[in-house]
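Engineer: Next one to model:
(one chain, ligands or ions: 1)
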Amino acid sequence: MKSVIVVGAGPGGLATALLLSAKGYQVSVLEKAHTIGGRSKRLHVGDFKFDSGPTFLMQIDILKKVFAGASVAIEDVLTLERLNPLYALIFPDKRFILKDNVDDNAKILESHYPGSGDAYKKFMHDQAKIFDKVSPILQKPFMSRLNFFRKDILSGFPYLHPLQSVADRLKRYFKDEQLIHALSFQSKYLGMSPYKAPAVFTILAYMEHAFGLYHVKGGLNRINHAFAKAIQQRDGTIETNTGVKKLLVENKKAIGVELDDGTTRHADTIVIGADFAHFMKHHVDEDNRKNYSNKRIDNYDVSLSAFMMYLGLDKIYDAPHHTIVFSKDYKTYVKNVAEENTLPDDLSVYIHNPTPRDDTLAPKGKSGLYILVPVPNVKSSIDWEERKISLKEQTLDLIESRTEYKDLRNHIIEEKLLTPKDWQDDYYVHAGAVFNLSHRFGQMLHKRPPNQFKSIQNVYLVGGGTHPGSGLPTIYQSSLIAAELIDKNQ
Ligand SMILES: Cc1cc2nc3c(=O)[nH]c(=O)nc-3n(C[C@H](O)[C@H](O)[C@H](O)COP(=O)(O)OP(=O)(O)OC[C@H]3O[C@@H](n4cnc5c(N)ncnc54)[C@H](O)[C@@H]3O)c2cc1C
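Structural biologist: I've put the predicted structure just below:
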């Protein structure tokens, strides 16, 4: 039986391990942290349970494909709930809630931005075509520029609009800058500004509005646990507290790994599910990665980061599941944070309030609130240990003054803060750039690390730093691609 070592038990590593164990490979997952899940792990703060990272789950078809690859019906292992409404959007002068229904949303937008209802319907109609043309490109490996001659790419390429940004594209439909922000804040899922993110990412808003957003009972971290259980049922192993120190290479062929404790493990194939840039720099000899020198890695354009507040409250607020609070000058905010690596005082904040629909996350009558502030990554000069205290107060001021959480401070009984430096040091994320290498056009397709590593044989790459990109559905897609490549190459 062919053996595979998977480095890292994050979503990318686990999904690949499941697919390969279902194909009959002997799979061993090695995880440096004390628990599985990576940036998507479950976080315990007192008696409260949080998702560390992802809370928006879309395009569940791809997740279903991963489970189907192991003959698991998703309904048997996870409780999924389609969200309606989708989210509340709070601007300085108005607030509205978008629904899981295009006709409803057209009416809601029309009432706030007269004349925009039909434009929104046209936008959704056009995006459906773009989505159909572009998604096949993201479902296949992209190993070199020669792939541009593939049929799916030739037919999808005209829809990529490589020279336009998300905001440029939206301006063709909508005049009001605020409405553009309402349909482009999703660029932050890529850690980018909508004024820089490639136009094709207008499909993010489309996918949310057309195919919905989901909550998983217990949090999105439960997906990792469902993967882990299914891997173990197929005789795969998962070892936590087992860091990989070095990829072992002989004659440009990977033969195994050396662990932090100095022991070695050998396998026919190595899958790297750890953060690509971090793993390359710290665990692969530079001589063995000619396309990824330290200089090149340091020069990558990387995403913004996230300042996190996980709060345990002694009450449950009757507030939406997802709320986005836009800064007064959102355009400047995203420019500062995503392009200039600076943090303005005028913040933008995302609030996740899952307890009203999920009573497994907090003790009775209490709730957990997850607050994410997009901030610069560690390449900025901010001293996060010092800044985090004032940033916390600033964030609470903003939330109390602009949302229904008016008396939030009075109800906090537990708290945990995470800064970009923590993402870097405790989650092994290059530059604390939680959404990985940025998705500017020059770092996509053949310019993004491919799912089969070129300079060392038997090495495959999955996760947000690889093709097709960051975000759970694309990460699962990287696993589907890599598992197929591995099987094909045996
Ligand atoms: C705050 C935040 C919010 C997010 N929100 C969303 C969202 O709403 N929706 C969405 O789709 N995506 C979201 N994401 C992005 C993305 O889905 C997650 O970050 C996802 O967890 C990335 O998965 P991954 O497998 O690429 O990497 P990771 O989750 O980082 O997993 C990599 C694993 O490798 C391990 N590892 C690293 N080095 C070693 C080593 N040397 N040896 C052994 N193990 C090692 C790590 O400990 C980790 O467990 C969010 C991310 C963050 C941080």
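
Engineer: switch to C-alpha atoms for all contacts and neighbour counts from now on
Structural biologist: Will do.

Engineer: wait, Ala9 sits on Gly273?
Structural biologist: Yes - with contact defined as Cα atoms under 8 Å, Ala9 counts as touching Gly273 (7.2 Å).

Engineer: Which residues of this structure lie near the ligand?
Structural biologist: Residues of the chain lying near the ligand by Cα under 6 Å from any ligand atom: 7-13, 30-33, 36-40, 53-57, 243-245, 273-275, 306, 427-428, 434-435, 463-464, 470-472.

Engineer: Quick one, which of those residues are buried?
Structural biologist: 7-13, 30-33, 36-40, 53, 55-57, 243-245, 273-275, 306, 427-428, 434-435, 463-464, 470-472 (16 or more other Cα atoms under 10 Å).

Engineer: Among those, which are located in helices?
Structural biologist: Within these, residues falling in helices by DSSP state H are Pro11, Gly12, Gly13, Tyr427, Leu472.

Engineer: Identify the residues contacting the last one.
Structural biologist: Read it as Leu472. Pro11, Pro54, Leu57, Gly464 (Cα atoms under 8 Å, 6 or more residues apart in numbering).

Engineer: ok, back up a step: biggest separation within the ones in helices among the buried ones among the residues of the chain next to the ligand, which pair?
Structural biologist: Tyr427 and Leu472 (16.8 Å; Cα to Cα).

Engineer: partners of the helix or strand where Gly312 lies in the sheet?
Structural biologist: If you go by DSSP states H and E, Gly312 is part of strand 305-313. The strands that strand 305-313 pairs with in its sheet are strand 367-375 (antiparallel), strand 412-418 (antiparallel) (by DSSP bridges).

Engineer: want to try TSV for those strands, with mean pLDDT and mean neighbour count as columns?
Structural biologist: Putting the strands paired with strand 305-313 into TSV (pLDDT from 0 to 100; neighbours: other Cα atoms under 10 Å) gives the following:
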stretch	mean pLDDT	mean neighbour count
strand 367-375	98	25
strand 412-418	98	15
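
Engineer: and of the ones you listed, who's closest to Gly442?
Structural biologist: When these are compared by Cα to Cα, strand 367-375 sits nearest Gly442, at 23.0 Å.

Engineer: any idea how far the closest one is from the chain center?
Structural biologist: Distance of strand 367-375 from its chain centroid, counting by Cα atoms, centre = their mean, to the nearest Å, is 15 Å.

Engineer: Just the CA atoms of that strand, as PDB, please.
Structural biologist: Output in PDB follows, covering the C-alpha atoms of strand 367-375 (Å, rounded to 0.1, in the frame of the first residue of the first chain):
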ATOM      1  CA  SER A 367     -23.400  33.800  24.400                       C
ATOM      2  CA  GLY A 368     -20.100  34.000  22.600                       C
ATOM      3  CA  LEU A 369     -19.300  37.000  20.300                       C
ATOM      4  CA  TYR A 370     -16.600  36.800  17.700                       C
ATOM      5  CA  ILE A 371     -15.300  40.100  16.500                       C
ATOM      6  CA  LEU A 372     -12.800  40.500  13.600                       C
ATOM      7  CA  VAL A 373     -11.100  43.800  12.700                       C
ATOM      8  CA  PRO A 374      -9.200  43.700   9.400                       C
ATOM      9  CA  VAL A 375      -5.700  45.100  10.200                       C
END
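
Engineer: Kindly format the C-alpha coordinates of the next helix or strand after that strand as PDB.
Structural biologist: Beyond strand 367-375 on the C-terminal side, the first helix or strand identified by DSSP H and E is helix 384-402. Below are the C-alpha coordinates for helix 384-402, written out as PDB (Å, rounded to 0.1, in the frame of the first residue of the first chain):
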ATOM      1  CA  TRP A 384       0.900  44.500  18.600                       C
ATOM      2  CA  GLU A 385       1.400  43.800  22.300                       C
ATOM      3  CA  GLU A 386       1.100  47.500  23.000                       C
ATOM      4  CA  ARG A 387      -1.500  48.300  20.400                       C
ATOM      5  CA  LYS A 388      -4.000  45.500  21.200                       C
ATOM      6  CA  ILE A 389      -5.300  47.100  24.400                       C
ATOM      7  CA  SER A 390      -6.200  50.400  22.800                       C
ATOM      8  CA  LEU A 391      -7.500  48.600  19.700                       C
ATOM      9  CA  LYS A 392      -9.800  46.600  21.900                       C
ATOM     10  CA  GLU A 393     -11.200  49.700  23.500                       C
ATOM     11  CA  GLN A 394     -11.600  51.400  20.100                       C
ATOM     12  CA  THR A 395     -13.400  48.400  18.700                       C
ATOM     13  CA  LEU A 396     -15.800  48.200  21.700                       C
ATOM     14  CA  ASP A 397     -16.500  52.000  21.400                       C
ATOM     15  CA  LEU A 398     -17.400  51.600  17.700                       C
ATOM     16  CA  ILE A 399     -19.600  48.600  18.400                       C
ATOM     17  CA  GLU A 400     -21.400  50.200  21.300                       C
ATOM     18  CA  SER A 401     -22.000  53.400  19.400                       C
ATOM     19  CA  ARG A 402     -23.100  52.000  16.000                       C
END
